[in-house]
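J.: no sequence on this one, just coordinates:
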């Protein structure tokens, strides 16, 4: 893949890690839904690259970065093949799925924001696009697997908020010229930690109230 020239090695590694995490989460969902190998591979692929493709289309990068090389596609398909051959036990489609999804969410909210900011967007716009990059793959995965996206379920723990939290921190760091490999990883860890805490303590976003 032809990566953006400003991206450091650690940024590339984070991006690949996010691709792997989202592909694994989608493959585990496919196992739970009893998809065949084709369905499993398709779900893993579109989940892994979906958010990034949407981001690149919005910022005007054509073709999207995922299609200028084989790295991201190869990682996603390799993850799908691993899960298919491994035949994970049913218990691994629960909590491990949540962890891999949270990891992908945390990584992509940082890398997505950084790429959006580098394209010339203002800090608020870059943060919004970074959050969209992070949640886009999960939304596509849920829709294709016949589920209401976790983003829209009233009973789901905080999802978009951790993504927006990590993206906002990243945009702040870039705006004030203090973004680095270390601070970027700290932002990702912050988003990951918030999502995991939400899962553990069952934190939900507030809901609108109706009059009786």
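T.: It's in. Not measured: the values here are computed from a predicted model.

J.: In whichever strand or helix holds residue 57, which residues are buried?
T.: Using DSSP states H and E, residue 57 sits within helix 37-59. Using 16 or more other C-beta atoms under 10 Å as the test for burial, helix 37-59 gives 40-56, 58-59. Just so you know, the C-beta spots here come from the backbone N, C-alpha and C atoms, and that holds for glycine as well.

J.: Show the residue spans covered by the helices in the protein.
T.: With DSSP state H, the ranges of helices along the chain come out as 9-32, 37-59, 71-86, 95-118, 123-144, 160-175, 181-201.

J.: got the ones you listed as TSV, with mean pLDDT columns?
T.: Below are the helices of the chain laid out as TSV (pLDDT from 0 to 100):
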stretch	mean pLDDT
helix 9-32	88
helix 37-59	95
helix 71-86	93
helix 95-118	91
helix 123-144	95
helix 160-175	96
helix 181-201	94
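
J.: Pick the most buried one from the ones you listed.
T.: Highest mean neighbour count among these (mean count of other C-beta atoms under 10 Å): helix 95-118, with a mean of 25.

J.: Which neighbouring elements make contact with it?
T.: helix 9-32, helix 37-59, helix 123-144, helix 160-175, helix 181-201 (3 or more C-beta pairs under 8 Å, 6 or more residues apart in numbering; DSSP states H and E).

J.: Quick one: closest of the ones you listed to residue 84.
T.: helix 37-59 (5.5 Å; C-beta to C-beta).

J.: now that closest one: how far from the chain's centre is it?
T.: The chain centroid and the centroid of helix 37-59 are separated by 10 Å under C-alpha atoms, centre = their mean, to the nearest Å.
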